[in-house]
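Novice: here is a sequence together with a model predicted from it:
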Amino acid sequence: MTGAEPALAKAKAEMRAWALKARAGCDPAWGARLAGHVLNCGRLRPGQIVAGFWPLPGEIDIRPLLLALAGRGHTLCLPATPPRGQPLTFRRWQPGDRLIPEPFGTARPEGEIITPDVLLVPLLAFDRNGHRLGYGGGFYDRTLPTLPGPQTIGCAFAAQEVASVPVGAGDWVIDAIATEERVVNGSK
């Protein structure tokens, strides 16, 4: 471990604690407004396979967006949580499908494994350069390099925006961040 790594880990831990407090006053139902911004931002093309996520308590609820995408004919999938250190896999999902409880409070469908074109990514904090801070498991940072040119849209409350997210060499830059207020383009 280099001297910079403990400092980076500490900065990320402090920002995670801040971000959890910042979103505490936000209403997950604001996800309906996020859905409108994503549907109107021009980033999604017909026929793309979109990976969503089942929101954890306190996260912005993207289920209105998932329902709208299904209504527009998009194939949807949700991530399956692998053992630590492994990339995510994505299983086909449609509204009404049964979900299986997973580690960390997540849930996954039973559908076939498919490869998404667009990923809606949960996050705790983000900046205008497309840097995101997740929960610390590294699942998305390990997964994104394994996919063929994925488009990424982080999903969060506007209150989770910071001036600068602490980043390391393995942290993935995302294309855009959607909030209840707008879609912010990253620097990719």
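Specialist: Done, it's in. Residues are numbered from 1 along each chain as shown.
Novice: wasn't residue 152 part of a strand?
Specialist: Yes - Residue 152 forms part of a strand when assessed by DSSP: H, G, I helix; E, B strand; the rest coil.
Novice: quick one: the strands in this structure, in order.
Specialist: 49-51, 75-80, 89-93, 99-101, 107-109, 118-122, 125-126, 132-133, 151-155, 176-178, 183-185 (DSSP state E).
Novice: residues in contact with the first one: which ones?
Specialist: Spelled out, it's strand 49-51. Strand 49-51 is contacted from outside by 44, 66, 69, 74-79, 90, 114-120, using C-beta atoms under 8 Å, 6 or more residues apart in numbering. From N, CA and C alone the C-beta is placed, and that goes for glycine too.
Novice: can I get the buried part of the residues you listed as one ChimeraX selection?
Specialist: Provided next is the ChimeraX selection string for whichever of those are buried by 16 or more other C-beta atoms under 10 Å:
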select :44,66,69,74,75,76,77,78,79,90,114,116,117,118,119,120
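Novice: gap between residue 5 and residue 186?
Specialist: Distance of residue 5 to residue 186, given as C-beta to C-beta, to the nearest Å: 24 Å.
Novice: actually residue 118, sorry about that
Specialist: 14 Å.
Novice: tell me the centre residue of the chain?
Specialist: The centroid of the chain falls nearest to residue 121 when counting by C-alpha atoms, centre = their mean (1.2 Å).
Novice: I'm done for today, thanks for sticking with me.
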